[in-house]
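J.: Provided below for reference: sequence and predicted model.
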Amino acid sequence: MYRLDPAEEARRLEILRTYEILDTPPEPEFDDLVRLAAYLFKVPTALITLVDERREWFKARVGYESTEASREGLCGYTILGRDPVIATDAAADPRFSENPYVKGPPNIRFYAGTPLLAPEGAAIGTLSVLDLVPREFPQADIDALVQLARQVQTQLELRRALTHARRAEAAVREAADRSMRHEAALVSLSRSLFEAPSLEEALRRIVKQTAETLGIARVNAWTYVGDHGAIRCMAHYQSASRTFSSGMELKADDFPGYFEALRKNDLIAADDAIHDPRTREFGESYLRPLGISSMLDAPIFVGDTPEGVLCHEHVGPPRTWTEDEKVFAVGAANLVSLAIEQWERRRAEEELSRSEEKRFLAEESAKNRMSFERLVGRSAPMQEVYRKLRLAAQSDVTVLITGESGTGKELAAAAIHSLSDRKARPFIAVNCAAIPEALLESELFGHVKGAFTGAVRDKTGLFQAADGGTLFLDEIAEMAPPLQVKVLRALQEREIRRVGDEKVSKVNVRIIAATNRDLARLVEEEKLREDFYYRIHVFEVPMPPLRERRDDIPILVEHFIAGKIASVAPAAMRALMSYEWPGNVRELQNAVEHALVTRTGAVLTLAHLPSHVRQGVKAVTPTEHLRQRVQDALAQCGGSREKAAKVLGVSRVTLWKWMTKLGIVNGNKR
């Protein structure tokens, strides 16, 4: 058997295996090439040989029955060099005279072979022609054999490229399928979290679903204890026994390297956890006894505060974590943070109902408190709004403000910001419906010069402008799904990438979103991503329409006219109270401002209101109409009967008779 240097042989075999061609069925392209060789050189036998560590394997053959020969064959000698090997009479050739295939069957006498050279430089096989009688093989034939060998190698390269392409395509399909399964699992889990009866149950659902989706033996959700000096297990799941546990605690002093890695708040993907510097401290006491070879640990944040870590532990041979598995792990950790946020909010609400805060709110309501920051109203629906705004301001959770147009959603968002710890930082509002879809991404994330036509300079996006503060996304339902994905990533990863930029930037932004549409229906219609919906729908503040808090209309009108006129006539107020206000507070403000422009005196009367508001007044009897006219005139004239009579175009006596008949007792004699 002819042997190469061991290192050279190992490299050659490694290259040969990349073709994935050994022990494969016949392929017409190669059969055609050996038939062509036999025809060109007028020989009975032609072979395309691939030489592995123990044999010569014939990928294509003509005139030869066996599918392989030992490495003692003549082709095994040919791969030692880069040049053709010619034996015009092998029996008389000292290189081959003792060769078993020359001395014995098939008793080869003539051999001409040239190595098949891979682009990497190694010989992986040969193209050879054989005969059982000696014969000459001139230089022209040698050149032709080399040229034909190049064609064989070209066919081999095409096959290798096609094989790799098919494998890559299959890998892409598999990764896509895996990603879709991961996304479906996260969405399904997002739904079930809001139905969990307790935080403990919510965390159990997460670790169990995560273990089943990734095929992981053990998954743990840990939370920091004290000043990050230890972590305690909130939920642990073992797939083999399908059991849960909790309570185990790890101290930073015992595992300083691991805790140092946790402090960086980055994903820890330890394919070889036994030797990885971040996890090897667990080797003897934890990993080896349990058979754990690989770990995938994703940080858990609540708001911008590190809360703990979601740890995935693989039992068996070391596992190389794929990118989509890493993304899934981060997504599962975000679900843990959502669960913690949700249950912290619930606890805060329960505590608030028993705390001095409730008493304080009740006292303020009793004192006819009418405003909350720039919001105005003291009705029961608005008191509930104030309560929810205070709760939202106490934490950093994502808030969704819902309600019809004109109900004050932006004012509510500004109130949350001004009552929160972020009040000293920027509050930036953007209407997603007011900016063209093509420009909204640049507006939110910024862009670099030359990123697109018209990008003549670098631009800072609103996420960066609001860093440390609050970004209010109004009309969130109008955001296109592709942009929803990028905003969702910004929320989850707390980092953004400007359009056209290769770098990412960390941002610390609290998101408040608002909409006047039914987001759950948009999810059903696939106009809003379900994962995006659950991410922004952590804490909802519904803003009541004005028709559901009519008691606040006089207060709002007084707020709008403050310092501009003396009063509002009763008939005008009745019209304002009876109108439906489809445009809510914004429409009411516009109506009052219209009346202020058209008024002629110190009193705002029915005549000053917009016609559509006046037309909404219910029909009244002649007597009631007269009462309204008299009361309006008296109000307009500050109670002076003399002036009111002039306004009405009657004598003072007639006015007095009307007032007596109608039971109107207010008004001065003069």
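T.: Received the coordinates, thanks.

J.: please count neighbours and contacts with C-alpha atoms only from this point.
T.: Fine.

J.: and the helices in the stretch 301-450 of the chain?
T.: For the stretch 301-450 of the chain, applying DSSP state H, counting those that start in this stretch gives helices covering 323-354, 356-366, 380-393, 409-419, 437-445.

J.: list the buried residues of stretch 511-528.
T.: Going by neighbour count (16 or more other C-alpha atoms under 10 Å), the buried part of stretch 511-528 is 511-517, 519, 523, 527-528.

J.: nearest spatial neighbour of residue 203, skipping sequence neighbours?
T.: Nearest residue to residue 203 in three dimensions, chain neighbours excluded: residue 235, at 6.1 Å (C-alpha to C-alpha, 6 or more residues apart in numbering).

J.: quick one on the thing from earlier: what would the helices of the stretch 301-450 of the chain look like in a markdown table with mean pLDDT and distance to residue 165?
T.: Putting those into a markdown table (pLDDT from 0 to 100; distance: least, C-alpha to C-alpha, whole Å) gives the following:
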| stretch | mean pLDDT | distance to residue 165 |
| --- | --- | --- |
| helix 323-354 | 76 | 20 |
| helix 356-366 | 48 | 66 |
| helix 380-393 | 92 | 53 |
| helix 409-419 | 93 | 52 |
| helix 437-445 | 84 | 35 |
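
J.: ranking these by burial, who's on top?
T.: helix 409-419 (a mean of 22; mean count of other C-alpha atoms under 10 Å).

J.: what does it rub up against?
T.: The contact list for helix 409-419 (C-alpha atoms under 8 Å, 6 or more residues apart in numbering) reads 372-375, 389-390, 392-394, 401-403, 423, 427, 429, 469-470, 472, 474, 512, 514, 543.

J.: follow-up on the earlier one: tell me which of the buried residues of stretch 511-528 fall in helices.
T.: Among the buried residues of stretch 511-528, the members falling in helices (DSSP state H) are 519, 523.

J.: I'd like to know which of the buried residues of stretch 511-528 is nearest to residue 465.
T.: Ranked by distance to residue 465 (C-alpha to C-alpha), the buried residues of stretch 511-528 are led by residue 511 at 13.0 Å.

J.: list the contacts of the closest one.
T.: For residue 511, the contact set (C-alpha under 8 Å, 6+ apart) comprises 398-399, 470-473.

J.: try residue 245
T.: 235-237.

J.: for it, give its distance to residue 226.
T.: 21 Å (C-alpha to C-alpha, to the nearest Å).

J.: next, count neighbours for the closest residue to residue 4 other than its chain neighbours.
T.: Of all residues not flanking residue 4 in the chain, residue 80 sits nearest, at 6.5 Å (C-alpha to C-alpha, 6+ apart). By the criterion of other C-alpha atoms under 10 Å, residue 80 has 16 neighbours.

J.: so residue 80 lies in a helix, does it not?
T.: No: under the criterion used here (DSSP: H, G, I helix; E, B strand; the rest coil), residue 80 is coil, not part of a helix.

J.: was I right about it contacting residue 8?
T.: No: using C-alpha atoms under 8 Å, residue 80 is not in contact with residue 8; the gap is 10.0 Å.

J.: wait, what's in contact with residue 512?
T.: 398-401, 413, 470-473.

J.: one more time with 6 Å, if that's ok
T.: 398-400, 472 (C-alpha atoms under 6 Å, 6 or more residues apart in numbering).

J.: swap in residue 540?
T.: Applying C-alpha under 6 Å, 6+ apart, the residues near residue 540 are 399-401.

J.: at 8 Å instead, please
T.: Applying C-alpha under 8 Å, 6+ apart to residue 540 gives the contacts 399-402.

J.: closest to residue 56 among the contacts of residue 245?
T.: residue 237 (52.7 Å).

J.: helix or strand right after the one helix or strand that closest one maps to?
T.: Here residue 237 sits within strand 230-238, counting by DSSP states H and E. For strand 230-238, the following helix or strand on the C-terminal side (DSSP H and E) is strand 243-245.

J.: any idea how far that following strand is from the chain center?
T.: 30 Å (C-alpha atoms, centre = their mean, to the nearest Å).

J.: what's the answer for stretch 204-215, then?
T.: 19 Å.

J.: just stretch 511-528 next, same as before
T.: The answer for stretch 511-528 is 16 Å, by C-alpha atoms, centre = their mean.

J.: OK, contacts around residue 150?
T.: Taking C-alpha under 8 Å, 6+ apart, one finds residue 116 in contact with residue 150.

J.: contacts only, for residue 535.
T.: 338, 398, 488.

J.: what mean pLDDT does stretch 559-579 get?
T.: For stretch 559-579, mean pLDDT rounds to 85.

J.: among the buried residues of stretch 511-528, which ones are in strands?
T.: Taking DSSP state E, the ones among the buried residues of stretch 511-528 that sit in strands are 511-515.

J.: turn these into CSV, including distance to residue 581.
T.: Listed next are these as CSV, based on distance: C-alpha to C-alpha, whole Å:
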residue, distance to residue 581
511, 30
512, 26
513, 24
514, 20
515, 19
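
J.: circling back: is it possible to get TSV of the buried residues of stretch 511-528 that adds pLDDT and distance to residue 273?
T.: Output for those, formatted as TSV (pLDDT from 0 to 100; distance: C-alpha to C-alpha, whole Å):
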residue	pLDDT	distance to residue 273
511	94	37
512	96	40
513	96	41
514	96	45
515	95	47
516	93	50
517	92	49
519	93	43
523	92	41
527	91	43
528	92	40
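
J.: for residue 544, grab the count of nearby residues.
T.: Counted with other C-alpha under 10 Å, residue 544 comes out at 18.

J.: does it touch residue 407 like I think?
T.: Yes: using C-alpha under 8 Å, residue 544 is in contact with residue 407, at 6.8 Å.

J.: ok so, going back, from the ones in strands among the buried residues of stretch 511-528, which is closest to residue 160?
T.: Using C-alpha to C-alpha, those come closest to residue 160 at residue 511, 51.2 Å.

J.: partner residues bridging the closest one?
T.: residue 471 (DSSP bridges).

J.: now do stretch 592-604, average pLDDT.
T.: pLDDT averaged over stretch 592-604 gives 85.

J.: what of stretch 12-26?
T.: In the prediction, stretch 12-26 has an average pLDDT of 89.

J.: span of it from start to end?
T.: 23 Å.

J.: for stretch 88-101, same thing?
T.: Chord length of stretch 88-101, first to last residue, is 15 Å (C-alpha to C-alpha).

J.: likewise for stretch 597-606?
T.: 13 Å.

J.: okay, the closest residue to residue 480 other than its chain neighbours and residue 320: tell me how far apart.
T.: Once flanking residues are discounted, residue 480 sits nearest to residue 437: 7.1 Å by C-alpha to C-alpha, 6+ apart. From residue 437 across to residue 320, the span is 39 Å (C-alpha to C-alpha).
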